[in-house]
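Asker: Sequence first, then the predicted structure, then my questions.
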Amino acid sequence: EAGVTQFPSHSVIEKGQTVTLRCDPISGHDNLYWYRRVMGKEIKFLLHFVKESKQDESGMPNNRFLAERTGGTYSTLKVQPAELEDSGVYFCASSHPQANTEAFFGQGTRLTVV
Amino acid sequence: GNSVTQMEGPVTLSEEAFLTINCTYTATGYPSLFWYVQYPGEGLQLLLKATKADDKGSNKGFEATYRKETTSFHLEKGSVQVSDSAVYFCALSRNFNKFYFGSGTKLNVKP
């Protein structure tokens, strides 16, 4: 069974540009989460999808970040325009619809804004 | 609010040494506690968990006990191996849907 897959693994962009990160969850996992780790600090929650609906987006830092999950399958996280402080590692995770089940994480996308 | 504090790294040990990585938490109510591990080039993997006070989680020789009185969940292993070199994250969650992570502790084990 394929795990959570994230694309790209690395991205280097200039300040002001747009970047789109993609996450493919494990098949059948209705729950999808985005997290971010900035500058070696703690990993912080960004948002949670249940199928295509945003269940909790309390961690989204500002309106330059837009997450979508059309059709309830893969998800994208767009940063527009990117700022220097957006640099970090973005993790995606997914879990089965059954309550209190393990979340499986992807390898992460390392974003560097220069 | 909810937060996790874990010891800063890196921690460097010789093979077969004893490992302790400290983790304390602040939370409302009674969360579940977790240790995740990230090996080089890989994603986060669940290492162990404990869902209530005094529970002990264990896996691959690692252990951690949920101590409500000290709000702690320290990770221990009696004899580390080179293959244990990784970054370890302590975390808490109320409902398995939103995790609060610590800042991670990098472990280097030398042969």
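Answerer: It's in.

Asker: interface residues of chain B facing chain A?
Answerer: Chain B has residues B:4, B:36, B:41-46, B:89, B:91, B:95-104 near chain A, with proximity defined as CB under 8 Å from any CB of the partner chain. The C-beta positions use only the backbone N, C-alpha and C, and glycine is treated the same way.

Asker: Isn't residue B:22 up against residue B:8?
Answerer: No. Counting by CB atoms under 8 Å, residue B:22 does not reach residue B:8; the two are 10.0 Å apart.

Asker: Among those two, which residue is more densely surrounded?
Answerer: For the pair residue B:22 and residue B:8, the greater number of neighbours falls to residue B:22 (16 against 13), based on other CB atoms under 10 Å in any protein chain shown.

Asker: tell me the contacts of that one?
Answerer: Taking CB atoms under 8 Å, 6 or more residues apart in numbering or on different chains as the criterion, residue B:22 is in contact with B:6-7, B:72, B:74.

Asker: Drop anything exposed from those residues.
Answerer: For the contacts of residue B:22, burial is judged from neighbour counts taken by 16 or more other CB atoms under 10 Å in any protein chain shown, and it is met by B:6-7, B:72, B:74.

Asker: ok so, going back, any chance of the contacts of residue B:22 in CSV with secondary structure and distance to residue A:70 as columns?
Answerer: Listed next are those as CSV, based on DSSP: H, G, I helix; E, B strand; the rest coil; distance: CB to CB, whole Å:
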residue, secondary structure, distance to residue A:70
B:6, strand, 37
B:7, coil, 42
B:72, strand, 43
B:74, coil, 43
